[in-house]
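**Student:** let's see this in three dimensions:
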Amino acid sequence: MTDYKMRRINFFRRIRKKLADDNKPLKYMRYAIGEIVLVVIGILIALQINNWNETQVLQHKVTAQLQNLSLGLENDLGMLNFHKDANETRFHSWQHILKYAKRDSVILSKLPWSEENRGGWKMPLPNEKNEDFIYIGIQNLSWAFLPPPLNSSAFEEMKSIGLFSEIRSEQLKKDIDRFYFLLELYMGETNNKIAYELAQDLTAQLRNNYGIPVFQKTPADAVLNAFTADNHAHVMLMDMIYYAHSQHRNIVNLINRGDRLLIEINAEIAN
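**Tutor:** Here you go, the predicted structure:
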């Protein structure tokens, strides 16, 4: 064994002897354990802070998505209100045509009416045959039941990037999911396809068989005579009145749900 190695061994022996003589092994162990405990506590605190930061970042992202959802919902509610008013005009103007063409009407609960109606007629409902109101009814055939340009992209984005599940309120998640399900059910292309195609067929029948254009005013008597003479056109218009009434009821349901949902979303954002 070399002198160098012997010197090292003797050095450590002297240290061990000194620690033993001074009862320092126990003190050293206590110190070492204390250091380990402090390190562990430091790691746990760092992990907790990191988790808190990640949670905060996640909630900021959720809040930003909810703000986008709130804006999109406000726009959709405006569009739904427009179509609600349009259905009121359709219902009353088409009933007006039936009344003076066949002395007939579809027996349904009356839809509300306001002079602020945005469906193209901003006056009281006429109490007698009115050529302008009949023309409004014919005009409305051109785009009746065309699905409105509603926008559910914010909702779809939240789901696609996994943030929808991070909304803290379970009730809010259920209400959002239910609203957009009903929005597609009531206002989507599938549900309105039959009514839209019926309106297009009636438009074509009036134009081709009776020379009645949609965007050019035709004398009221010519329009009424067409529906008086053509039982098929008469029945088609009756069906469309039912569709207008049904869609109006569905839209009112959506608007009420949407208004409540908007309050819930904004409350969640505030929290």
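**Student:** where does residue 110 fall, helix, sheet strand or coil?
**Tutor:** What DSSP: H, G, I helix; E, B strand; the rest coil gives for residue 110 is coil.
**Student:** please renumber the chain so that the first residue is 33 from this point on.
**Tutor:** In the new numbering, first residue 33, that becomes residue 142.
**Student:** flag every buried residue along stretch 125-138.
**Tutor:** Counting neighbours by 16 or more other Cβ atoms under 10 Å, one finds that the buried residues in stretch 125-138 are 125, 126, 127, 128, 129, 130, 132, 133, 136, 138. Just so you know, the C-beta spots here come from the backbone N, C-alpha and C atoms, and that holds for glycine as well.
**Student:** same check on stretch 111-118?
**Tutor:** 111, 112, 115, 116, 117, 118.
**Student:** before we move on, what about stretch 154-165?
**Tutor:** Result for stretch 154-165 [16+ other Cβ under 10 Å]: buried residues 157, 162, 165.
**Student:** circling back to that earlier point, for the buried residues of stretch 125-138, which one is nearest residue 250?
**Tutor:** Lowest distance from residue 250 to those (Cβ to Cβ) belongs to residue 129, with 11.9 Å.
**Student:** contacting residues for the closest one?
**Tutor:** 166, 169, 255, 256, 259, 269 (Cβ atoms under 8 Å, 6 or more residues apart in numbering).
**Student:** helices along the stretch 183-303 of the chain, start to end?
**Tutor:** 185-192, 202-219, 221-242, 252-261, 263-302 (DSSP state H, counting those that start in this stretch).
**Student:** contacts for the third one?
**Tutor:** When contacts are taken as Cβ under 8 Å, 6+ apart, the neighbours of helix 221-242 outside the stretch itself are 170, 173-174, 176-179, 217, 244-246, 254-255, 258, 262, 264-265, 268-269, 271-272, 275, 279.
**Student:** repeat that with 10 Å
**Tutor:** The contact list for helix 221-242 (Cβ atoms under 10 Å, 6 or more residues apart in numbering) reads 122, 170, 172-180, 216-218, 244-246, 250, 254-255, 257-259, 261-262, 264-265, 267-269, 271-272, 274-276, 278-279, 282.
**Student:** angle of that helix against helix 202-219?
**Tutor:** 20 degrees (axes from the mean of the first three to the mean of the last three Cα atoms, to 10 degrees).
**Student:** and helix 221-242, what's buried?
**Tutor:** Quick answer for helix 221-242 (16+ other Cβ under 10 Å): 223, 224, 227, 228, 230, 231, 232, 234, 235, 237, 238, 242.
**Student:** against residue 130, how distant is residue 136?
**Tutor:** For residue 136, the distance to residue 130 (Cβ to Cβ, to the nearest Å) stands at 5 Å.
**Student:** need the overlap of contacts for those two.
**Tutor:** 259, 266, 269, 270.
**Student:** in JSON lines: those residues, plus distance to residue 92.
**Tutor:** Below are the shared contacts of residue 136 and residue 130 laid out as JSON lines (distance: Cβ to Cβ, whole Å):
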{"residue": "259", "distance to residue 92": "60"}
{"residue": "266", "distance to residue 92": "60"}
{"residue": "269", "distance to residue 92": "54"}
{"residue": "270", "distance to residue 92": "55"}
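**Student:** now tabulate the buried residues of helix 221-242 in a markdown table and tack on pLDDT.
**Tutor:** Formatted as a markdown table, the buried residues of helix 221-242 follow (pLDDT from 0 to 100):
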| residue | pLDDT |
| --- | --- |
| 223 | 82 |
| 224 | 87 |
| 227 | 92 |
| 228 | 92 |
| 230 | 94 |
| 231 | 94 |
| 232 | 94 |
| 234 | 96 |
| 235 | 95 |
| 237 | 94 |
| 238 | 95 |
| 242 | 95 |
